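Peer 1: Everything below, folded, please.
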Amino acid sequence: MKIRPLVSFLALSAALCISAETRTITLEEAIADARRGSVEAAVALNELKAAYWQYRTFRADLLPEVNFQATLPAYRKNYSTYQLDDGSYTFVRNNLLQMSGAVSVEQNIWLTGGTLSLTTSLDFLKQLDSGGFDRFMSVPVALTLNQPIFGTNHTRWNRRIEPVRYTEAKAAFVSATEQVAMRAVDYFFALLMAQENLAAAEQNHANSLKLYEVAQAKRRMGQISENDLLQLELNLLTARSVLTDSESECRAAMFTLRSFLGLDGDTDLVPVLPDHIPEADVAYDDVLQRALERNSFASNIRRRQLEADYEVAKAKGDMRQISLFAQIGYTGTSDRLAGAYNPLKDNQVVEVGFKIPLLDWGKRRGKVKVAQSNREVVQSRLRQEEMNFRQDIFLLVERFNNQKQQLAIATRSDTIAQQRYSTNVETFLIGKISTLDLNDSQSRKDTARRDYISQLFQYWYYYYQLRSLTLWDYADGKGIDADIEAIVRK
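Peer 2: This is a model prediction of the structure:
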């Protein structure tokens, strides 16, 4: 069996996971890159922008709207029906040019749900044949009220729902950035674990090769049995197989992290094992209070309650439709522009319309019952979600508080296992322990290392999960906020 050429080949293939162009990256740098360049961060930003402009649109609906409407010009040359004095109809020919323009200011009345508008307009008509003439009609000022009665006041409901929706969106954006950090922590430690496994596999393969070569010499001198030699050869083959798998897993973890961070595919990353952890002492009551105050969950609950109430109000409002239309103002008409404004005459319109179903077979009342039933379903779901929310926070606090102790245990176990393995390798070389004892110490060393990295990952992951739920930085003791206006306008 030719060992040396094979070792050179394996060393070359192991180097594929770390190329000549490398970048050392810390956990904080990975999180910062993820918040800037990941797809998840871009999605969260676009969702925030959509919510921001939706809220701006709602706010604009509460302000006066100024419109200019014009027809410049309208030309007609056609026939239309005309009724004579005896009741018969004939066709008359039209040949005219018409222009019109109007400026209006409209204001939604949130208190009543109606619309109030102030309008000024001017119409011009020019007859092009039959002794053509010009006519002007002006409406210098007209005040119009369009008011539904007993209907749903959509504007007032929007004033209650939209601010809550926007508050929810802002909190959801900050939470999303923390969730991006959680994903970065996950992928960062996945690559860290893969490279630790690769390093362990390389070390184990080198040790297995060295032990096999020593065993071959001892076998030639008759100091060990054939069975021990075969066992060490089997260990070498196993170590070679693990090394190949570790290389593949390392490349896959590298690609996943690099893609998530939005980095150049030609740069390989070398994650640095964090040498510190954020110190945070948390209690359930404090975490729950901050989560209910700052997390989007509270706004989400409130918004869905309001939307369910809104649906019931709309169903009730649709049971009958009564509307008031009133307009007061002045108008004038003349064959001259100045005459259309002097003298002026009153222009008044008052109209009350209603639609009340006499027989609809319970259709509208059924819609009210459906909306009320849906509201009950929503309220039940919200109670269950709130219970689950509180339970999840309780479990997270328990896990986080327990994780610090678990990490301390894993750190000490890793140190002991490393020292034990190093000692056993030296002891085996002088023939004082068996291959079984050596294999056991190697396995425990690798397991302890993986457990340490896993426990460190869990601590960081729980920490950012706490931040995502509470929007509170427990290490610095301050809230996690964002300048939404500046972020949206970038």
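Peer 1: show me where this structure has strands.
Peer 2: Along the chain, the stretches classed as strands by DSSP state E are 22-25, 65-83, 89-109, 114-127, 134-149, 268-271, 321-334, 345-355, 472-473, 478-479.
Peer 1: out of these, nearest to Val397?
Peer 2: strand 472-473 (12.8 Å; C-beta to C-beta). Placement of C-beta: from N, CA and C, glycine included.
Peer 1: and the gap between the residue of the chain positioned farthest from its centre and Ile301?
Peer 2: Largest separation from the mean C-alpha position in the chain: Asp86, at 72.5 Å (C-alpha atoms, centre = their mean). To Ile301, Asp86 is 73 Å away according to C-beta to C-beta, to the nearest Å.
Peer 1: same check, this time on Asp318
Peer 2: For Asp318, the distance to Ile301 - C-beta to C-beta - is 27 Å.
Peer 1: And Ser175, by the same measure?
Peer 2: 15 Å.
Peer 1: for stretch 428-441, how far is the first residue from the last?
Peer 2: One end of stretch 428-441 sits 11 Å from the other (C-alpha to C-alpha, to the nearest Å).
Peer 1: What does Asp476 show for phi and psi?
Peer 2: Here is the backbone geometry of Asp476 (degrees, to the nearest 10): phi -100, psi -10.
Peer 1: What are the structural domain limits within this protein?
Peer 2: Domain ranges of the chain: 4-54+159-304+376-488, 70-109+114-151+323-356, per automatic domain parsing.
Peer 1: For Pro343, which residues are in contact?
Peer 2: Listed by C-beta atoms under 8 Å, 6 or more residues apart in numbering, the contact set of Pro343 reads Gly332.
Peer 1: hmm, try it at 10 Å
Peer 2: 330, 332, 334 (C-beta atoms under 10 Å, 6 or more residues apart in numbering).
Peer 1: Using a markdown table, lay out those residues together with neighbour count and distance to Lys445.
Peer 2: Formatted as a markdown table, the contacts of Pro343 follow (neighbours: other C-beta atoms under 10 Å; distance: C-beta to C-beta, whole Å):
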| residue | neighbour count | distance to Lys445 |
| --- | --- | --- |
| Tyr330 | 16 | 97 |
| Gly332 | 18 | 100 |
| Ser334 | 16 | 104 |
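Peer 1: Could you dump these into a markdown table and include distance to Gln442 and pLDDT?
Peer 2: Formatted as a markdown table, those follow (distance: C-beta to C-beta, whole Å; pLDDT from 0 to 100):
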| residue | distance to Gln442 | pLDDT |
| --- | --- | --- |
| Tyr330 | 100 | 88 |
| Gly332 | 103 | 88 |
| Ser334 | 107 | 87 |
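Peer 1: what's the closest of these to Leu466?
Peer 2: Nearest to Leu466 among the contacts of Pro343, counting by C-beta to C-beta, is Tyr330 at 67.5 Å.
Peer 1: Which residue comes closest to that closest one once chain neighbours are left out?
Peer 2: Leu344 (4.2 Å; C-beta to C-beta, 6 or more residues apart in numbering).
Peer 1: So for that neighbour, what's the pLDDT?
Peer 2: Here, the pLDDT recorded for Leu344 equals 85.
Peer 1: can I assume it is in contact with Ala142?
Peer 2: No - between Leu344 and Ala142 there is no contact under C-beta atoms under 10 Å: 11.5 Å.
Peer 1: who touches both of the two?
Peer 2: With C-beta under 10 Å, 6+ apart as the test, Leu344 and Ala142 both reach 329-331.
Peer 1: Name the nearest of those relative to Tyr52.
Peer 2: Of these, the one sitting nearest to Tyr52 (C-beta to C-beta) turns out to be Gly329, at 39.1 Å.
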